[in-house]
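Visitor: Have a look; sequence and predicted model below, questions after that.
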Amino acid sequence: MIDRRTLFGATAAVGSFVGGLFGSKSASASAAPMEMFKGDVEPRGTNQRLERLPKLDLESYDNFLTGLRIWSGSASSKTSRSRFNKAITDAGLDPRKDLPLEKIFPLVENDTYIGTAARLRTSGQQLMWSALQKHFHENADAYLDEMEATDTIGPGKLELNPDMEIPSYTKHEIHIQPGGYVGDAFAGHIYHYGTNNFYRAENYQDEIHRNISSQMPTPKDGKVLRILDMGCGSGQLTAALKERFPDAEVWGIDIGGPMVRYSHMRCIDLGVGANFRQALAEDTKFDDGYFDIVTSYIMHHEVPAHKSKEIIDEAFRVLRPGGVYFPLDFETGAGRGRGKNAYSRFSSWRDHRWNEEVWRLEYGSVDFNGEMRKTGFEVVDEGPPGWRSRYNVLGTKPV
Amino acid sequence: MATSKLKTDRPTYASDFIASDVERAVFLGNPILDNMMTSLIALGAEVWSNRRRMKVVEALLAEKGVTAEMIETYMPTAEQDAEWQKDRDRFIDLTYSPLLREGDLPVSAAFTRENK
């Protein structure tokens, strides 16, 4: 399905304000600003599905920090790992083996090259978040107007729950994103553009989410009337699922009110009729047996282990007999159970401690597939391919 | 619990949140070194932003016959000069204020927050 933006945007002439200044029609081929709904804010138009960041300087700043992340992810990480392994080896230990952190820290904590790699990543990320948040806050009224313009219109429904109790486990600044997923009016905007940086410029057109959607398994009987995307974030997978299954009722849920608000607005911008609800994955408020497919993408490692189990139970409850559960995350594919070496132990801990991946280590302790079996799913450990994995766990609710 | 820096009376559907303490992290043994690296990164982003904008401008100008010599010899007006200085000061503050951050937690520090 060609979304409305691709149909109209990709070949539009130069933006009227640029043309007005220079009287030229031969400027950049990016799409002209288009008001997809009244109050739509996109002063610099779009790059197909992606609204361009609204200021050239902001886009360039983000462009630099994306380049830095790509560079530091290879160059400085390589140095860091090499120095780390040498320090471990020099101490008479085997870096190929998993080692306790208390043995590792004294050997590597003061290595300035390992510290440099950490600082490049952390500060690059902080500067990126800060620049994005600053822009949205400085122009808050325009962006709040934009979301208010779509809160009560379709296609697709938005159900916000401003009075719901937000559990404290959801309130952390995951990935050191300012305010986290629940604490900033523009969490959705900030998360979407921020994760474009994480994806190293490889997801500007939702490529990853659309790929996941294209691989989403369906029930054996082929009936797909309703789909649930748990922990939908900025709604990119939800939108892609609705695009693949245009006749299905597709829902995205997230605990972050600003997240589902942004997701809904973006789907309207794309002309995609997905629905969004502010809700917990462990307490969706949907009826028993309502869905044919339940999925989630990189959600489970962001919740405590006991909540992961509750979410699996909830997925079972809201699936109809024969429905499929396809959760995607670090431990649901070929990476599951992969043994750690000393560096991966240290890196995981550092991600947990300094990238505010608060629940990541707990998540690694859960026998995810085992919990799905305990709940009652018929489990295929090596199911269809999933996110960056040749297979992913698949659960089917018995008929 | 922390609350958003955005102050508005309008509904935002945001809640309070648990702030991280990453601002206190010291990865390089001396917080000044961490801070200098942050400044260096910020500086790089500013330089690149400028260069990228210039690429856009030069590409457009070339189409309109504005030469390199005209750019080299341009004299700003008094108003322009004042405005450019204001922007320079913004740039300096943005780029160098990280030097003043007071980090004190080493890599191995346990969490300091109250709730987990």
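Guide: Received it, and whenever you're ready, just let me know what you need.

Visitor: for the residue nearest to A:P385 when sequence neighbours are not counted, what are its contacts?
Guide: Leaving aside its chain neighbours, A:P385 sits nearest to A:Q215 (5.5 Å; criterion: C-beta to C-beta, 6 or more residues apart in numbering or on different chains). Backbone N, C-alpha and C define where each C-beta goes, glycine included. Counting by C-beta atoms under 8 Å, 6 or more residues apart in numbering or on different chains, A:Q215 makes contact with A:P384, A:P385, A:G386.

Visitor: Also A:M372?
Guide: A:M372 neighbours (C-beta under 8 Å, 6+ apart): A:I312, A:Y325, A:V379, A:V393, A:G395.

Visitor: and the residues you listed as a markdown table, adding distance to chain B?
Guide: Shown next, in a markdown table, are the contacts of A:M372 (distance: C-beta to the nearest C-beta, whole Å):
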| residue | distance to chain B |
| --- | --- |
| A:I312 | 22 |
| A:Y325 | 28 |
| A:V379 | 30 |
| A:V393 | 28 |
| A:G395 | 29 |
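
Visitor: most surrounded residue in the contacts of A:Q215?
Guide: Ranked by the number of neighbours (other C-beta atoms under 10 Å in any protein chain shown), the contacts of A:Q215 place A:G386 first, at 25 neighbours.

Visitor: quick one: that one and A:V380 touch, right?
Guide: No. Contact criterion C-beta atoms under 8 Å: A:G386 and A:V380 do not qualify, at 11.9 Å.

Visitor: re the thing from before, phi and psi next, for the residue nearest to A:P385.
Guide: Here is the backbone geometry of A:Q215 (degrees, to the nearest 10): phi -100, psi 0.

Visitor: can you check A:D254 too?
Guide: phi -160, psi 150.

Visitor: From A:S60, how far out is the residue nearest to A:P385?
Guide: A:Q215 sits 35 Å away from A:S60 when distances are taken as C-beta to C-beta, to the nearest Å.

Visitor: So what's the residue count around whatever residue of the stretch 251-399 of chain A ends up closest to chain B?
Guide: Across the stretch 251-399 of chain A, the shortest distance to chain B (C-beta to the nearest C-beta) belongs to A:G257, at 2.9 Å. A count of neighbours around A:G257, defined by other C-beta under 10 Å, yields 25.

Visitor: ok, now which ones touch it?
Guide: A:G257 touches A:L160, A:N161, A:P162, A:V182, A:Q278, B:T12, B:Y13, B:A14, B:S15, counting by C-beta under 8 Å, 6+ apart.

Visitor: Looks like A:R336 contacts A:F368 (just checking).
Guide: Yes. Here A:R336 reaches A:F368: they are 7.1 Å apart, a contact under C-beta under 8 Å.

Visitor: more neighbours, the two?
Guide: Using other C-beta under 10 Å, the more surrounded residue of A:R336 and A:F368 is A:F368, with 23 against 18.

Visitor: leaving aside the residues next to it on the chain, what's closest to the more buried one?
Guide: Spatial nearest neighbour of A:F368, excluding adjacent residues (C-beta to C-beta, 6+ apart): A:E331 at 5.4 Å.

Visitor: State the distance from that neighbour to A:L319.
Guide: Note on A:E331: its distance to A:L319, by C-beta to C-beta, is 21 Å.

Visitor: residues contacting whichever residue of the stretch 51-200 of chain A sits closest to chain B?
Guide: Nearest residue of the stretch 51-200 of chain A to chain B: A:G183, at 3.0 Å (C-beta to the nearest C-beta). The contact partners of A:G183, by C-beta under 8 Å, 6+ apart, come to A:K171, A:E173, B:A2, B:T3, B:S4, B:A14, B:S15, B:D16, B:F17.

Visitor: Which one's more surrounded, A:E331 and A:L319?
Guide: Set side by side, A:E331 and A:L319 show more neighbours around A:L319, with 25 against 20, by other C-beta under 10 Å.

Visitor: and the closest residue to that one other than its chain neighbours, how many neighbours?
Guide: Spatial nearest neighbour of A:L319, chain neighbours left out: A:K397 (4.5 Å); criterion: C-beta to C-beta, 6+ apart. By the criterion of other C-beta under 10 Å, A:K397 has 24 neighbours.

Visitor: Let me know whether A:K397 touches A:V318 as I believe.
Guide: No. Using C-beta under 8 Å, A:K397 makes no contact with A:V318, being 9.6 Å away.

Visitor: Quick one: list the elements packing against the longest helix belonging to chain B.
Guide: For chain B, the helix with the greatest residue count under DSSP state H is helix B:31-64. Using 3 or more C-beta pairs under 8 Å, 6 or more residues apart in numbering or on different chains; DSSP states H and E, the elements in contact with helix B:31-64 are helix A:16-22, helix A:56-71, helix A:112-138, helix B:78-96.

Visitor: Contact partners for the residue nearest the centre of chain B?
Guide: The centroid of chain B falls nearest to B:L94 when counting by C-alpha atoms, centre = their mean (4.6 Å). By C-beta under 8 Å, 6+ apart, the contact set of B:L94 is B:A42, B:E46.

Visitor: After the lowest-mean-pLDDT helix or strand in chain A, which helix or strand is next?
Guide: Using mean pLDDT, DSSP states H and E, the weakest-scoring helix or strand in chain A turns out to be helix A:16-22, at a mean of 30. Counting by DSSP states H and E, the next helix or strand C-terminal to helix A:16-22 is strand A:46-47.

Visitor: tell me the most buried of the helices and strands packed on helix B:31-64?
Guide: Of those, the one with the most neighbours on average (mean count of other C-beta atoms under 10 Å in any protein chain shown) is helix A:112-138, at a mean of 21.

Visitor: and it with helix B:78-96, angle?
Guide: Computed with axes from the mean of the first three to the mean of the last three C-alpha atoms, to 10 degrees, the direction of helix A:112-138 lies at 130 degrees from that of helix B:78-96.

Visitor: which other helices and strands contact helix A:112-138?
Guide: Contact here means 3+ C-beta pairs under 8 Å, 6+ apart; on that basis helix A:112-138 packs against helix A:56-71, helix A:77-90, helix A:187-198, helix A:342-354, helix B:31-64.

Visitor: C-terminal to the longest one, which secondary structure element comes first?
Guide: Once the chain leaves helix B:31-64, the next helix or strand it forms, by DSSP H and E, is helix B:68-72.

Visitor: Counting by contacts, list what that next one packs against.
Guide: Against helix B:68-72 (3+ C-beta pairs under 8 Å, 6+ apart) you get no helix or strand.

Visitor: Report the mean per-residue pLDDT for the longest strand along chain A.
Guide: As assigned by DSSP state E, the longest strand anywhere in chain A is strand A:319-328. Averaged across strand A:319-328, pLDDT comes to 98.

Visitor: same thing with stretch A:381-399?
Guide: 92.

Visitor: okay, the residue nearest to A:P385: pLDDT?
Guide: Looking at A:Q215, its pLDDT is 94.

Visitor: Tell me the spacing between it and A:F368.
Guide: Using C-beta to C-beta, A:Q215 is found at 19 Å from A:F368.

Visitor: In space, what's closest to A:S72 - neighbours in sequence excluded?
Guide: With C-beta to C-beta, 6+ apart as the criterion, A:S72 has its nearest non-adjacent residue at 4.2 Å, and that residue is A:L120.
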